[in-house]
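>>> missing the sequence, but the structure's below:
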């Protein structure tokens, strides 16, 4: 790509982290107005509301209302919020909660041109940092991706709230984040990268180590509601590191290096009803092992398989209620998604099935 001929803007969110980080809100938002509306999930707002009100007491930042986002990131919900008089009257939006709540806020803020500040209440994904929203139909089926012009302006990561969130969501977030480094480095291998995706690829190298070194302790601390150093490192990895990589390696029609074969396994698994109860990041973590097997990185595969075992993430098909006879259907679906092409070589479906079976056999030996 002749990058010197391109004109483009890269906007990356800044962030605050800590058990008292909400106290930074008045300073961070000082140039964006005084009137804020909080939009988010019901449980998330219930958790964040006392901390927000305490942090803003005696300041000139006014919260006009706390509004439920609607329960899903659909265009119906974004339209309702766009037309809400309180949302329209606000100078800025505080998006509180998980991925779907934040994704909803990103859409209507983009369309209303309102500054968005995100307040993730769980460390399960990087939605708070990314310039992409996953949009669903009203029946909860996937509809499309929506690409706002910018991510959130700033992210507030309150570790007290993160520590009180369900451990299972952090567990799935670790599984999903494990894919970032291996997928991005596979997708960019052999490419002549210009500055932005090159930065993204290099930053991806910081994504795996904190998860492996701190993940088990972070899960224990989340289980006990402790905002520890290890939990903070893992939360920052899941929310910030992978989010920044995503913003730098996703270039719309120009380039896409943000994911690869681990997510192919996930998309394939969506075709098998037995696997429907398993979380996205849970399945992706097994996809990481399959990617490494297919690519011949067996030493790294074995290292991460040991980590998966130590925290209860999948190491074989049965862990996700999948069977070897499901693989032809899974790989047919996998070969139809964009991620199938995000590799430095021509993919072979039969060889991919063999890699999954080899990975499964290796995992069974560890049981």
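Right, received. Where do you want to start? Note that the coordinates shown come from a computational prediction; the quantities given were computed from them, not determined experimentally.

>>> Just the element for residue 155, please.
strand 154-158 (DSSP states H and E).

>>> Return the distance of that strand from the chain's centre.
15 Å (Cα atoms, centre = their mean, to the nearest Å).

>>> Kindly report the same for stretch 236-252.
Relative to the centre of its chain, stretch 236-252 is centred 8 Å away, using Cα atoms, centre = their mean.

>>> first vs last residue of it, how far apart are they?
25 Å (Cα to Cα, to the nearest Å).

>>> residues of it that come out buried?
For stretch 236-252, burial by neighbour count (16 or more other Cβ atoms under 10 Å) applies to 236-251. For every residue, glycine as well, the C-beta is placed using N, CA and C.

>>> Please apply the same query to stretch 332-349.
Buried residues in stretch 332-349 (16+ other Cβ under 10 Å): 333-335, 339-340, 342-343, 347.

>>> These: which two are farthest apart?
For these, the maximum inter-member distance is 16.7 Å, found between 333 and 343 (Cβ to Cβ).

>>> what's the spacing between the helix or strand following the strand holding residue 155 and its chain's center?
Using DSSP H and E, the helix or strand that directly follows strand 154-158 along the chain is helix 159-163. Here helix 159-163 is found 17 Å from its chain centre; the criterion is Cα atoms, centre = their mean.

>>> and the helix or strand following helix 159-163, what other elements does it pack with?
Next helix or strand after helix 159-163 toward the C-terminus (DSSP H and E): helix 167-188. Helix 167-188 sits against helix 195-204, helix 208-223, helix 229-236, helix 242-249, helix 261-269, helix 280-294, helix 298-311, with contacts defined as 3 or more Cβ pairs under 8 Å, 6 or more residues apart in numbering; DSSP states H and E.

>>> same thing but at 7 Å, please
Applying 3 or more Cβ pairs under 7 Å, 6 or more residues apart in numbering; DSSP states H and E, we find helix 167-188 packed against helix 195-204, helix 208-223, helix 242-249, helix 261-269, helix 280-294, helix 298-311.

>>> any weak-confidence spans in this protein?
1-6 (pLDDT under 70).

>>> let's see 80
For the chain, the stretches flagged by pLDDT under 80 are 1-6, 140-142, 252-253.

>>> Quickly run through the sheet partners of the strand holding residue 155, with directions.
strand 14-18 (parallel), strand 116-120 (parallel) (DSSP bridges).

>>> Just say which of the ones you listed is most tucked in.
strand 116-120 (a mean of 29; mean count of other Cβ atoms under 10 Å).

>>> now the angle between helix 242-249 and that one, please.
140 degrees (axes from the mean of the first three to the mean of the last three Cα atoms, to 10 degrees).
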